[in-house]
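Asks: following is a predicted model, sequence given first.
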Amino acid sequence: MPNGMLLRSLFIATISSNRFLLIPSLNLLTFLAKPNRSFLFNVDRNPVLHYILKKTFYNQFCAGETLRETGACVKHFRDLGFKGFILTYAKELVMETPAKASTGLKPGVEVKEAKVANTHDKYIEDWRVGTLQTLDQIGNGDILALKTTGAGPTVTTAFTTGALPPKQMLDALEEVATECQNRGIRIIVDAESQAFQHGIGTTTLHLMRKFNRNGKALIWNTYQAYLKRTPAVLAEHLDAAAKHGFTLGLKVVRGAYILSDPRSLIHDSKEDTDAAYNAIAQGALRHHIGDFGASRPFPDVDLLLASHNRDSLLGAHRLHQQRLAAGLPTVQVTYAQLHGMSDDVSFSLLQERGVDGEAPDVYKCSTWGSMGECLGYLVRRAVENRDAVLRTRDELVALRREVGRRLFSS
């Protein structure tokens, strides 16, 4: 890690691991993220405020404000040894009423005329254009992350009933998937609040049936291990993969909506969630989840483990290598952490070597957009995950140790 990046990480970790520093900082960022601020507090218009936030908070967690910045960030992480980049667009279009929705277009970025069409739902079209802009900034081997509720009220209304979204949205999703297939880019469909998740899962399975063929997963669905029902949902999706002959893209996370999802749906303790996460990850690696791999054949699965938990990821990697070395059946596995978080875990994985002598496939996940767009996006997630953000003590210790080592060496 370059010295500048290391020192910035130490600064951010010092704040995030201390409740007395983090809570006021989040309150300040929340204030600044509100739209229509006066010039003095407008992060996109005030050059001094913009510079301070850009050199600290923004550069720590976001890929760039322009095509050029984002492309340079993607290249930087590849040069550090990461397999690729997972990129999403920061602009969110989920609003309480259509009147409050935004265009979703990033000012100053040209959109090819062929990609813009007059359609009956403005919010879906805005989502489509913003998603294609994001796709233009990554390349072969990278991953596009989709927040499907960003397409507005007609889509979210359909999702709340568990139904597929309108045809216009399905056409947009298939257009994006076809573009990704042609460019060698894979897709993650992000998990969201349980109010929408059944419809999102239905839609993702619909796409998998078409695009996850010939033993390869173009599209991953996201499964949140903190939900008690996740094993049952996964069993249903494994059954669908077995019946319809497609590869199930299985991205496992612990979960990010603990403040908005009904508490009764979530495991009673973090230990229960950890056990559930490890059971899914290790079950997939062992080709044994529920009846699958025992009384029923295990379907094709492509596994993505997104986590900041060192024990879960290193344990999964070593189990995967043990099975490969012994010639036992296993699945393809990819690892991911958020840009600016758990770099000690990311680089620890990159230092591992498999039976082929190569490092595992490790990705960093980030977002792009203007300062205002990214600030709102990140503050919402920081507030949702405030308790998790506070648990950065181990990372802080690792960063301090590394800064000390470099000072002593020089």
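Replies: All right, it came through fine. These numbers come from a predicted model, not from an experiment.
Asks: tell me, how many residues neighbour S307?
Replies: 22 (other C-beta atoms under 10 Å). In short, each C-beta sits where N, CA and C put it, glycine included.
Asks: tell me which stretches of this structure form strands.
Replies: Using DSSP state E, the strands of the chain run over 62-64, 84-89, 143-146, 186-189, 219-224, 248-253, 301-306, 332-338, 362-368.
Asks: any chance of TSV for those, columns mean neighbour count?
Replies: Below are the strands of the chain laid out as TSV (neighbours: other C-beta atoms under 10 Å):
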stretch	mean neighbour count
strand 62-64	26
strand 84-89	25
strand 143-146	24
strand 186-189	24
strand 219-224	26
strand 248-253	24
strand 301-306	23
strand 332-338	22
strand 362-368	24
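Asks: just the pLDDT for the residue nearest to L378 when sequence neighbours are not counted.
Replies: The spatially closest residue to L378, leaving aside those adjacent along the chain, is F61, at 5.7 Å (C-beta to C-beta, 6 or more residues apart in numbering). Looking at F61, its pLDDT reads 90.
Asks: residue contacts, F61?
Replies: L338, H339, G340, M341, S366, T367, C374, L378 (C-beta atoms under 8 Å, 6 or more residues apart in numbering).
Asks: returning to what we had before: and the strands of the chain as TSV, adding distance to R213?
Replies: Formatted as TSV, the strands of the chain follow (distance: least, C-beta to C-beta, whole Å):
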stretch	distance to R213
strand 62-64	31
strand 84-89	22
strand 143-146	18
strand 186-189	14
strand 219-224	11
strand 248-253	12
strand 301-306	12
strand 332-338	15
strand 362-368	23
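Asks: closest to V74 out of those strands?
Replies: V74 lies closest, by C-beta to C-beta, to one member of the strands of the chain: strand 84-89, at 4.5 Å.
Asks: and stretch 179-187, average pLDDT?
Replies: Here the average pLDDT along stretch 179-187 is 97.
Asks: end to end, how far does that stretch reach?
Replies: By C-alpha to C-alpha, to the nearest Å, the extent of stretch 179-187 from end to end equals 11 Å.
Asks: I'd assumed V189 was in contact with W220.
Replies: Yes - using C-beta atoms under 8 Å, W220 is in contact with V189, at 6.9 Å.
Asks: thinking again about what came up before, which pair of the contacts of F61 spans the longest distance?
Replies: Across these (C-beta to C-beta), the longest gap, 14.9 Å, separates M341 and C374.
Asks: the more surrounded of those two?
Replies: C374 (26 against 23).
Asks: shouldn't the more buried one be in contact with T367?
Replies: Yes - using C-beta under 8 Å, C374 is in contact with T367, at 5.9 Å.
Asks: give me the common contacts of the two.
Replies: Contact criterion C-beta under 8 Å, 6+ apart; residues shared by C374 and T367: F61, C62, A90.
Asks: against P35, how distant is the last one?
Replies: In other words, A90. Distance, A90 to P35, using C-beta to C-beta, to the nearest Å: 14 Å.
Asks: likewise for the first one?
Replies: The spacing between F61 and P35, counted by C-beta to C-beta, is 20 Å.
Asks: now F246
Replies: Counting by C-beta to C-beta - F246 and P35 are separated by 42 Å.
Asks: which one of those two has more residues nearby?
Replies: The neighbour comparison of F246 against P35 (other C-beta under 10 Å) goes to F246, with 24 against 8.
Asks: for the nearest residue to the more buried one once chain neighbours are set aside, what are its contacts?
Replies: The shortest distance from F246 to any non-neighbouring residue, by C-beta to C-beta, 6+ apart, is to N212 (4.5 Å). Shown in contact with N212 (C-beta under 8 Å, 6+ apart): L218, I219, F246, T247, L248, G249, D302.
Asks: just the pLDDT at the fourth one, thanks.
Replies: When you say that, I think you mean T247. 97.
Asks: same question for the last one.
Replies: Each residue has a pLDDT score; the one for D302 is 97.
Asks: for the closest residue to it other than its chain neighbours, give its distance to Q332.
Replies: Nearest residue to D302, sequence neighbours excluded (C-beta to C-beta, 6+ apart): A217, at 3.5 Å. From A217 across to Q332, the span is 8 Å (C-beta to C-beta).
Asks: common neighbours of the two, please.
Replies: D302.
Asks: rebuild the contacts of F61 as JSON lines, extending it with pLDDT.
Replies: What follows is the contacts of F61, written out as JSON lines (pLDDT from 0 to 100):
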{"residue": "L338", "pLDDT": "91"}
{"residue": "H339", "pLDDT": "91"}
{"residue": "G340", "pLDDT": "88"}
{"residue": "M341", "pLDDT": "85"}
{"residue": "S366", "pLDDT": "92"}
{"residue": "T367", "pLDDT": "91"}
{"residue": "C374", "pLDDT": "86"}
{"residue": "L378", "pLDDT": "76"}
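Asks: okay if I get those residues as TSV plus distance to F41?
Replies: Putting the contacts of F61 into TSV (distance: C-beta to C-beta, whole Å) gives the following:
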residue	distance to F41
L338	27
H339	26
G340	24
M341	27
S366	25
T367	22
C374	16
L378	17
